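**Student:** how would this look folded up:
(one chain, ligands or ions: 1)
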Amino acid sequence: MNAPTRARESSAKPKRLRDGLGFFGTFLKNPGSVGAVLPSSRYLARALVGRLELQPGQLIVEYGPGTGPVTAIVRESLPTGAKYLGIELEPRFHQLLVHRYPTMDFHLGSAADVTKILAERNLPRPARIVSGLPFASLPPAVQDAVITGIVDSVRGTHADFRTFQYVHAYGMKAARRFRALMAERFDGFERIGPIVRNVPPAFVLRYWGAK
Ligand SMILES: C[S@@+](CC[C@H](N)C(=O)[O-])C[C@H]1O[C@@H](n2cnc3c(N)ncnc32)[C@H](O)[C@@H]1O
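**Tutor:** Okay, here's the model as predicted:
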């Protein structure tokens, strides 16, 4: 009875290990833009994605999918007919994602260009954006450009934007700067967690009502 579960777990472990090593290697090359030493756990990924109640034709956009732990949860819960686009800056991760999730769409580029990317791909405005971007380690100009892109793409809609911040870095200047800017641009805010079954533990932040 338990054999299929064991088989799934034993094939998942080498993949997690491989992803962990590859992710760490990419972090060493680009510490600022990767911003984490390990991919997110499925507990954090589930909390980040939340309940996906999208209608057919509605779009969810993922920023910075990395090796795809959040993408896997979106794929599990994406309603039939709903659309997905992942935007990833790092070519190595982009290549891996295209190979690993052949039924999903990925754009190689910066989340700061989201409005242009959606227009070029003839996609609607997002109903949800989930982000793995390491805002606390991004330069202020990149933070600003990404926030402008989020607001421009969801203003006047019921969309929400969800991201996470590590508990140990929550009080850092750059993390506080990001939350202060988001508070100016969004009416609604909720903090979920901490999600302790993640290395390191993290809060999920949810924003809605872009102004
Ligand atoms: C902290 S990792 C998160 C990876 C994955 N979502 C996870 O939770 O394990 C940050 C990811 O954001 C990507 N990234 C950084 N800046 C970006 C940008 N401006 N646009 C798109 N992706 C970006 C990095 O290459 C990396 O894959």
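
**Student:** tell me the contacts of residue 94?
**Tutor:** By CB atoms under 8 Å, 6 or more residues apart in numbering, residue 94 lies in contact with 88, 106, 108. C-betas here are computed from N, CA, C, even on glycine.

**Student:** take those and keep only those in strands.
**Tutor:** By the criterion of DSSP state E, membership of those in strands covers 88, 106, 108.

**Student:** report the mean confidence score over stretch 197-211.
**Tutor:** Average pLDDT, stretch 197-211: 96.

**Student:** in the host helix or strand of residue 75, what counts as buried?
**Tutor:** Assigned by DSSP states H and E, residue 75 falls within helix 69-77. For helix 69-77, the neighbour count (16 or more other CB atoms under 10 Å) marks 69-71, 73-74 as buried.

**Student:** can you check stretch 153-170 too?
**Tutor:** Residues of stretch 153-170 classed as buried by neighbour count (16+ other CB under 10 Å): 153-154, 159-167, 169-170.

**Student:** just the C-alphas of it, formatted as PDB.
**Tutor:** What follows is stretch 153-170 as a C-alpha-only set of coordinates in PDB (Å, rounded to 0.1, in the frame of the first residue of the first chain):
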ATOM      1  CA  SER A 153      -0.200  45.500 -14.000                       C
ATOM      2  CA  VAL A 154      -2.800  45.000 -11.200                       C
ATOM      3  CA  ARG A 155      -4.200  48.500 -10.500                       C
ATOM      4  CA  GLY A 156      -8.000  48.700 -10.600                       C
ATOM      5  CA  THR A 157      -8.400  44.900 -10.400                       C
ATOM      6  CA  HIS A 158      -9.100  42.400  -7.600                       C
ATOM      7  CA  ALA A 159      -5.600  40.800  -8.100                       C
ATOM      8  CA  ASP A 160      -3.400  40.100  -5.100                       C
ATOM      9  CA  PHE A 161       0.400  40.100  -5.000                       C
ATOM     10  CA  ARG A 162       2.100  37.500  -2.700                       C
ATOM     11  CA  THR A 163       5.700  37.300  -1.700                       C
ATOM     12  CA  PHE A 164       7.800  36.100   1.200                       C
ATOM     13  CA  GLN A 165      10.500  37.500   3.500                       C
ATOM     14  CA  TYR A 166      12.800  35.500   5.700                       C
ATOM     15  CA  VAL A 167      12.200  35.900   9.400                       C
ATOM     16  CA  HIS A 168      15.900  36.600  10.100                       C
ATOM     17  CA  ALA A 169      16.000  39.400   7.500                       C
ATOM     18  CA  TYR A 170      12.600  40.900   8.200                       C
END
